[in-house]
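Engineer: Based on what follows, work out the 3D shape:
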Amino acid sequence: MKSTNIYKRFRFPSEIIQYAVWLYYRFNLSHRDIEDLLGTRGTSASMDEIYIREENRGMGIGRQAMDFLKNTCQELGVATIQLEVKNDNPETAALYEKVGFEKLDRAFMLVTL
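Structural biologist: Here you go, the predicted model:
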């Protein structure tokens, strides 16, 4: 069965629009609420838990992974990507900065229950 993309001329990719439609019906949100969620703030992605084995470091794999992530997110209409890196990992922080991430003046906070 051939599937057609009914959203092909819209600003956001069909996956994002389908998610917005699901939100609209699932949580009884107004059209304006959905516009605010998608348009005003933009879509944001979060990268979590990526590791390169020590014996594979220095081969450009991390940079390739970051390029792939950024390109894929850009194709999907994602406006920002956020991530965290431990303070005791300056090599990884330097890689993230080289590919365009910037340090924010924020503290990461956690409570264990």
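Engineer: So in the protein, which helix runs the longest?
Structural biologist: Using DSSP state H, we find that the single longest helix of the chain is helix 61-75.
Engineer: by contact count, what packs against that one?
Structural biologist: Counting contacts by 3 or more C-beta pairs under 8 Å, 6 or more residues apart in numbering; DSSP states H and E, helix 61-75 is packed against strand 78-82, helix 90-98. C-beta here means a position set from N, CA and C on the backbone, and glycine is covered the same way.
Engineer: and for that helix, what are the contacting residues?
Structural biologist: Pro13, Ala45, Met47, Ile50, Ile52, Ile81, Thr92, Leu95, Tyr96, Lys98, Val99, Gly100 (C-beta atoms under 8 Å, 6 or more residues apart in numbering).
Engineer: likewise stretch 105-113?
Structural biologist: Glu84.
Engineer: Distance check, the spatially most central residue of the chain against Thr72.
Structural biologist: Per C-alpha atoms, centre = their mean, the C-alpha nearest to the average position across the chain is that of Ala45, at 1.8 Å. According to C-beta to C-beta, to the nearest Å, Ala45 stands 9 Å off from Thr72.
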